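could you look at this predicted model? Sequence included:
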Amino acid sequence: MNTILVLSSIKIPLMPSHPARARQLIQSGKAKVYRHNPFTIILTERNQGNIQPIECKIDPGSQTTGMALVVQGKKQTKALLGIHLKHRGKHITQALKKRSVSRKFRRSRKTRYRPPRFLNRTRPIGWLPPSINSRLNNITNWVRKLKVWAPLSSIEVENVKFDIQKLQNPEIQGIEYQQGTLMGYEVREYILEKFHKTCAYCGQTKGRLEIDHIIPKSKGGSNRMSNLTLACQRCNQKKGNQSLTEFVKNKQKLEKIKAQCRTSFKDAAIVNSMRKALVSTLKKFHLPVYCWSSGLTKYNRVRQNYEKHHWIDAACVGNSGSNVCLPRNSSVLTITAMGRGNRKKCQMNKYGFPKSKPKQAKRVHGLDTGDWVKIRALSPEQNANRNEKNQITRPVYGRVTVRATGNFAVTPKNGKQVSIMYKYCFLLQKNDGYNYT
């Protein structure tokens, strides 16, 4: 969104400014660039200024969390900054599985016995899985940063509580909540009754019927009820490891089979797991925290004819979201959690043994992987000495990947990777574990 964050000369957050006004202050020498992502300036002369209450609104999500800074006016509420915060929960889950397999293989080698340590560990009260804890930390970290760069007066969060069994079966009530989805049924009997003892592909009712995976296990399928269907032996062998869309060409039959499959509620379960911990953590910032329902957010957004986006949902959270103004041609700041590096000391081969030496130093020539740097326009002689096809005739901004040889790789926001020597790279902002677009 077209908003520049402003700090006073003693680093007190002031009201955000328009980009044109910030450009004038920098050109006149009354302000300097404090941070590039999100772009923040610091005034050189003013120590204080008039401040209006700014609300930080949050729409939590399992994959992307929407955040918005909103200021309340006399007649209308105005959105100042919109953020899409993308989490890396899936990458953490994959890394934990990879580490678990490596440690399990190491314990089974012909070496001294190493007892498994996970049997001696206890989980504290309020423990969350690492993938969910990562999402929680991302949200709280950015609320902490925005509190430093903007005069926040309150925090409003959409505190969603999904009823998973109600989503699966809208007519559930009473004691049925205490009974699982397979109460009184075997898995096979449940599938037979669900598909009326009929092959889902050819409609055959006689002969042997087998349980088939809609998404094969070889392609990432699971044993969930939503991924199981009924097929005759002929169709099951003919389908093989093909997916449903590859095997069924008839659109009507394809839609009929998909209608019988249940949707996954993994994202809803993740939001349910961290909602209480999120509210309790946000209260530690010593700001008023208000919780609102998702129904009110959707009502406010639909009533104002706004599109479905995470940051727009965040702006419509609460009572103040019933009359919020979104500026025209507004852009959103997308922040992607990248991590702060690899925890490995060296690379391992498929047998779990080291195949490279430990890294000597994390920082090379004063730069670290993930730092934001600027490459100034090079002269024709300097481009000729690089021996590269891509000539740098204009400034390049991007993330740097350091190498021990001193020949770094810089990845711009929109463009191809550039190979450049370290002496042409100028540090703009140190790596903070996030990527900005």
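Looks like it arrived, so ask away. Numbering: from 1, shown residues only.

please name the residues that touch residue 96.
By C-beta atoms under 8 Å, 6 or more residues apart in numbering, residue 96 lies in contact with 130-131. Placement of C-beta: from N, CA and C, glycine included.

now it: how far from residue 131?
Using C-beta to C-beta, to the nearest Å, residue 96 is found at 8 Å from residue 131.

first to last residue in stretch 199-213, what's the distance?
Length of stretch 199-213, first residue to last, C-alpha to C-alpha, to the nearest Å: 13 Å.

relative to the whole chain's centre, how far out is it?
Relative to the mean C-alpha coordinate of its chain, stretch 199-213 is positioned 40 Å out (C-alpha atoms, centre = their mean, to the nearest Å).

show me what counts as buried in it.
Neighbour counts over stretch 199-213 (16 or more other C-beta atoms under 10 Å) mark 199-201, 204, 209-210, 212-213 as buried.

now what about that stretch, what contacts it?
187-188, 191-192, 197-198, 221, 223, 227-236, 239, 247-248, 253, 257, 260.

please pick the buried ones from these.
Buried among the contacts of stretch 199-213 by 16+ other C-beta under 10 Å: 191-192, 227-232, 235-236, 239, 247-248, 257.

across the sheet, point out what pairs with residue 85.
Beta-bridge pairing for residue 85 (DSSP bridges): residue 65, residue 335.

may I have the phi/psi pair for the nearest residue in space to residue 424 that is not next to it in sequence?
Leaving aside its chain neighbours, residue 424 sits nearest to residue 375 (5.5 Å; criterion: C-beta to C-beta, 6 or more residues apart in numbering). Main-chain torsions, residue 375, degrees, to the nearest 10: phi -110, psi 120.

ok, residue 375 to residue 89 distance?
Per C-beta to C-beta, residue 375 is found 34 Å from residue 89.

again, but for residue 203
Counting by C-beta to C-beta, the gap from residue 203 to residue 89 is 41 Å.

what of residue 233?
Here residue 233 is placed at a distance of 40 Å from residue 89 (C-beta to C-beta).

quick revisit: which of the buried ones among the contacts of stretch 199-213 fall within helices?
Using DSSP state H, the members of the buried ones among the contacts of stretch 199-213 that fall in helices are 191-192, 235-236, 239, 247, 257.

okay, those in a markdown table with distance to residue 19 and pLDDT next?
Formatted as a markdown table, these follow (distance: C-beta to C-beta, whole Å; pLDDT from 0 to 100):
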| residue | distance to residue 19 | pLDDT |
| --- | --- | --- |
| 191 | 59 | 73 |
| 192 | 64 | 73 |
| 235 | 61 | 88 |
| 236 | 61 | 87 |
| 239 | 57 | 86 |
| 247 | 54 | 85 |
| 257 | 52 | 77 |
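
in the helix or strand harbouring residue 147, which residues are buried?
Residue 147 belongs to helix 130-149 when assigned by DSSP states H and E. By neighbour count with 16+ other C-beta under 10 Å, helix 130-149 contains the buried residues 131-140, 142-143, 146-147, 149.

next: stretch 51-69.
The neighbour-count check on stretch 51-69 (16+ other C-beta under 10 Å) flags 54-62, 64-69 as buried.

of those, closest to residue 38?
Checking the buried residues of stretch 51-69 against residue 38 with C-beta to C-beta, the nearest one is residue 69 at 10.3 Å.

stretch 381-395 spans what distance, first to last residue?
The first residue of stretch 381-395 is 16 Å away from its last residue (C-alpha to C-alpha).

what stretches of the stretch 1-150 of the chain score poorly on pLDDT?
The model of the stretch 1-150 of the chain has pLDDT under 70 over residues 1, 110-111, 113-114, 116, 118-119.

residue contacts, the closest residue to residue 11 other than its chain neighbours?
Spatial nearest neighbour of residue 11, chain neighbours left out: residue 42 (7.0 Å); criterion: C-beta to C-beta, 6+ apart. By C-beta under 8 Å, 6+ apart, residue 42 lies in contact with 6-9, 11, 31-34.

right, and the helix or strand after whichever strand or helix holds residue 42?
With secondary structure defined by DSSP H and E, residue 42 is part of strand 40-43. For strand 40-43, the following helix or strand on the C-terminal side (DSSP H and E) is strand 54-59.
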